[in-house]
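**Q** need coordinates for the below:
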Amino acid sequence: MHNRFLAQAFAGRSETTHRLLATLVTWGAYLFLGGVPMLILIAAYTANDEAAMANLEKGGLDLNALNLPAFPTFLTLMASFVIGMAALLAGIKLIQKRSFKTLITGFARVRWGRMALALGIWMALAGIGALVTELLSPGSIVLNPNTDDFFIFIVPALILIPIQSAWEEMAIRGQLLQNFSRRFAMPLIPLLLTSAIFALLHIMNNEVSEYGFLPMMFYYFSFGFFLGMFTLMDEGLEIAMGIHIGNNLFAFVFLTYPGAALETPSVFSTTQVNGLSDLGMFYASIVIVTMIFFGRKTRNYRALWANEPINPYS
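**A** Okay, here's the model as predicted:
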């Protein structure tokens, strides 16, 4: 079979040199330039804080432990993704001379309705999961006492979190997945590689130290794997982007938890995390989404291991 999304790797200047240079620009800007705003913030707020300086000297990277102000911390963290998105755009448009749309879908137009549907379904499932948690453990979900700044955060969050989620999808399951597909005939191999990269991208998150390296890496890998699976099966990023944005918005706006990557003034907060039950609800949500969008259409599932690389631009 021929996967229209993976075929977009042939768009524009698709020679190895151009693809590699565009990828280096994207990731170089994110990894090196993206961290500059946070370094400036840390320097500004810890220069006269002996405890914070001692933490940094020991190699501590826990932003919450540095007692940085929440709103500037949020903005500087999101700045890295804004910089990454600008670099991604520049690499695709200026170096590869290809349409930005080709990183999102294999179809003639981006399917915004499909993306919005996936976002809504995932947020609804997350809400149901939270309700089940409260029913099984009454009192585990409470009103967040730190909601005074909610209205300061909400507008920037509604703008920046979609950019952050979209960058991760387009850079990993767009740019890298398409590039790897030029080297590996079986889509499962690029899927596994990009899922591992997605997990490693989150290795510095506070959740890793809070809940353990292996459990969190397994979760991040699984999340990346299923988003990549949906990308291959649907021949576009729309479902993956919708789920990713919905997942992050729900955690930011509605329900935060102990040890979150960024403590936010969400409406509710959970007082305990049950890894096993949370993982069970996660997999149940994946099954539900799969059934809603794909049902028993065997052609979609074949996309995980079968692809005939065809250059539609030749």
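**Q** can you tell me the SS state at L191?
**A** Following DSSP: H, G, I helix; E, B strand; the rest coil, L191 is assigned to helix.
**Q** now do the contacts for F100.
**A** 89, 92-93 (CB atoms under 8 Å, 6 or more residues apart in numbering). Using the backbone N, CA and C atoms, a C-beta is placed for each residue, glycine as well.
**Q** swap that for F153, please
**A** F153 neighbours (CB under 8 Å, 6+ apart): 70-71, 74, 252, 264-265.
**Q** what about these, which are in helices?
**A** Residues of the contacts of F153 located in helices (DSSP state H): 70-71, 74.
**Q** off-centre distance for the helix or strand hosting A22?
**A** Counting by DSSP states H and E, the element that carries A22 is helix 16-28. A distance of 20 Å separates the C-alpha centroid of helix 16-28 from that of its chain, computed with CA atoms, centre = their mean, to the nearest Å.
**Q** pLDDT averaged over the next helix or strand after that helix - what is it?
**A** Later in the chain than helix 16-28, the nearest helix or strand by DSSP H and E is helix 36-46. The pLDDT scores in helix 36-46 average 84.
**Q** pull out the buried residues from helix 36-46.
**A** Of all the residues in helix 36-46, those buried under the rule 16 or more other CB atoms under 10 Å are 37-38, 41-42, 45-46.
**Q** and if you look at stretch 11-26?
**A** If you call a residue buried by 16+ other CB under 10 Å, then stretch 11-26 has these buried ones: 11-12, 14, 18-19, 22-23, 25-26.
**Q** stretch 191-211 now?
**A** By neighbour count with 16+ other CB under 10 Å, stretch 191-211 contains the buried residues 191-195, 197-199, 201-202, 205-208, 211.
**Q** what is the nearest of the residues you listed to T271?
**A** Nearest to T271 among the buried residues of stretch 191-211: Y211, at 14.9 Å, using CB to CB.
**Q** these two touch, right, I104 and M170?
**A** Yes - the criterion here is CB atoms under 8 Å, and I104 meets it with M170 at 6.7 Å.
**Q** thinking again about what came up before, from the ones in helices among the contacts of F153, which is closest to I288?
**A** Closest approach to I288 among the ones in helices among the contacts of F153 (CB to CB): F74, at 30.9 Å.
**Q** out of the ones in helices among the contacts of F153, which are buried?
**A** By 16+ other CB under 10 Å, the ones in helices among the contacts of F153 give 70, 74 as buried.
**Q** out of the ones in helices among the contacts of F153, which comes closest to A7?
**A** Distances from A7 to the ones in helices among the contacts of F153, taken by CB to CB, are shortest for F74, at 38.0 Å.
**Q** dump the residue contacts of that closest one.
**A** Going by CB under 8 Å, 6+ apart, F74 touches 153, 156-157, 160, 262, 264.
**Q** dump the residues you listed into JSON lines; add distance to A185 as well.
**A** Formatted as JSON lines, those follow (distance: CB to CB, whole Å):
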{"residue": "F153", "distance to A185": "46"}
{"residue": "P156", "distance to A185": "43"}
{"residue": "A157", "distance to A185": "41"}
{"residue": "L160", "distance to A185": "38"}
{"residue": "L262", "distance to A185": "40"}
{"residue": "T264", "distance to A185": "43"}
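**Q** next step: the residues you listed restricted to helices.
**A** Among those, the members found in helices (DSSP H) are 153, 156-157, 160.
**Q** buried members of the residues you listed into ChimeraX, please.
**A** Filtering these down to the buried ones (16+ other CB under 10 Å) takes a single ChimeraX command:
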select :153,157,160
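**Q** could the ones in helices among the contacts of F74 go into TSV alongside distance to H2 and pLDDT?
**A** Below are the ones in helices among the contacts of F74 laid out as TSV (distance: CB to CB, whole Å; pLDDT from 0 to 100):
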residue	distance to H2	pLDDT
F153	44	89
P156	41	93
A157	39	93
L160	36	96
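**Q** where is the longest helix in this protein?
**A** Identified as the longest helix of the chain according to DSSP H is helix 112-136.
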